[in-house]
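S.K.: only geometry, no sequence info:
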């Protein structure tokens, strides 16, 4: 795959050689839409984006994986249901559950795939209003201790784009209570619940904190002038999503930020 040039490269995070050594795999399924956006976000954060194909049988020595948004396999059966059985997913599941605890981020359709893979509990169903929703969305960071949120502060409010049709997160009350008690609700919708998700949940993690899934799209809020602005004085700047990618890079590389 030929790399596209970075437009607006000057606004990227200052290049640090130590971060460039971190390899972040970005998975593409048939129907994936946001793989290049996710790869661009990795590069803007200072890391090396590694393209991964759904039929691959190895993870190419990556240090973390992003499963981006889109409509994998056309969302036939239900969102993420077929992608869960892709050859590469078995490798991702094993690596995420291993002692090494590979960091995995699922965005939108990627979140759906993570629930179908049982890397995260619960399920995603159609929005309660039964319509596709596209808007800038304010989120509150509830847990800043995961591999993907270390560069945020608990309670911080950020604004990132959201676009989904099957974005309603559901789980039974026992699972929801456990997520709350264990601090595994990572993001919550603020001001408006765009899809009817239980308890305004926008994103969750596994128990170890290396696997995170969320419905909104941080990869679309990584560059000055090309992301959402604050909404009604709530949230931050149009680079609010960049912290996902700098967080995992800093965790992989270690040392001072």
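M.R.: Nice, I can see it. None of the values given here were measured: they were computed from a predicted structure.

S.K.: what segments of the stretch 1-150 of the chain are strands?
M.R.: Ranges of strands in the stretch 1-150 of the chain, per DSSP state E, counting those that start in this stretch, are 23-28, 48-53, 64-67, 104-107, 123-125, 133-141.

S.K.: among those, which comes closest to residue 147?
M.R.: Taking C-beta to C-beta, strand 64-67 is the member of the strands of the stretch 1-150 of the chain nearest to residue 147, at 7.3 Å. From N, CA and C alone the C-beta is placed, and that goes for glycine too.

S.K.: what are the pairing partners of that closest one, and which direction each?
M.R.: strand 23-28 (parallel), strand 104-107 (parallel) (DSSP bridges).

S.K.: picking that back up, and of the strands of the stretch 1-150 of the chain, who's closest to residue 198?
M.R.: Nearest of those (C-beta to C-beta): strand 123-125, 10.5 Å.

S.K.: parallel or antiparallel, list what pairs with the closest one.
M.R.: strand 168-170 (antiparallel).

S.K.: quick one: average confidence on the partner strand?
M.R.: For strand 168-170, mean pLDDT rounds to 98.

S.K.: now do stretch 225-237
M.R.: Stretch 225-237 comes out at a mean pLDDT of 65.

S.K.: endpoint to endpoint, it covers what distance?
M.R.: 9 Å (C-alpha to C-alpha, to the nearest Å).

S.K.: and if you look at stretch 135-147?
M.R.: End-to-end distance (C-alpha to C-alpha), stretch 135-147: 26 Å.

S.K.: list the buried ones in that stretch?
M.R.: 136, 137, 138, 139, 140, 141, 142, 143, 144, 146, 147 (16 or more other C-beta atoms under 10 Å).

S.K.: again with stretch 65-77
M.R.: Buried residues in stretch 65-77 (16+ other C-beta under 10 Å): 65, 66, 67, 68, 69, 70, 71, 72, 73, 75.

S.K.: tell me which of these is nearest to residue 214?
M.R.: Of the buried residues of stretch 65-77, the one sitting nearest to residue 214 (C-beta to C-beta) turns out to be residue 69, at 10.2 Å.

S.K.: test my guess that that closest one contacts residue 109.
M.R.: Yes - in this structure, residue 69 is within contact of residue 109 by C-beta atoms under 8 Å, at 4.7 Å.

S.K.: anything in contact with each of the two?
M.R.: Counting by C-beta atoms under 8 Å, 6 or more residues apart in numbering, the residues touching both residue 69 and residue 109 are residue 32.

S.K.: how far away is the residue minimising distance to the centre of the chain from residue 58?
M.R.: By C-alpha atoms, centre = their mean, the mean C-alpha position of the chain lies nearest to residue 107, the distance being 3.6 Å. Distance of residue 107 to residue 58, given as C-beta to C-beta, to the nearest Å: 23 Å.

S.K.: pLDDT below threshold where in the protein?
M.R.: 1-15, 229-236, 255-257 (pLDDT under 70).

S.K.: let's go with 80 and repeat that
M.R.: For the chain, the stretches with pLDDT under 80 are 1-18, 229-237, 255-257.

S.K.: and the helices in it?
M.R.: Listed in chain order, the helices of the chain (DSSP state H) span 17-20, 35-45, 87-97, 109-116, 173-181, 242-253.

S.K.: quick one: buried residues of the fifth one?
M.R.: By 16+ other C-beta under 10 Å, the buried positions in helix 173-181 come out as 175, 176, 179.

S.K.: the residues you listed into a markdown table, with extra columns for distance to residue 16?
M.R.: Putting those into a markdown table (distance: C-beta to C-beta, whole Å) gives the following:
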| residue | distance to residue 16 |
| --- | --- |
| 175 | 39 |
| 176 | 39 |
| 179 | 34 |
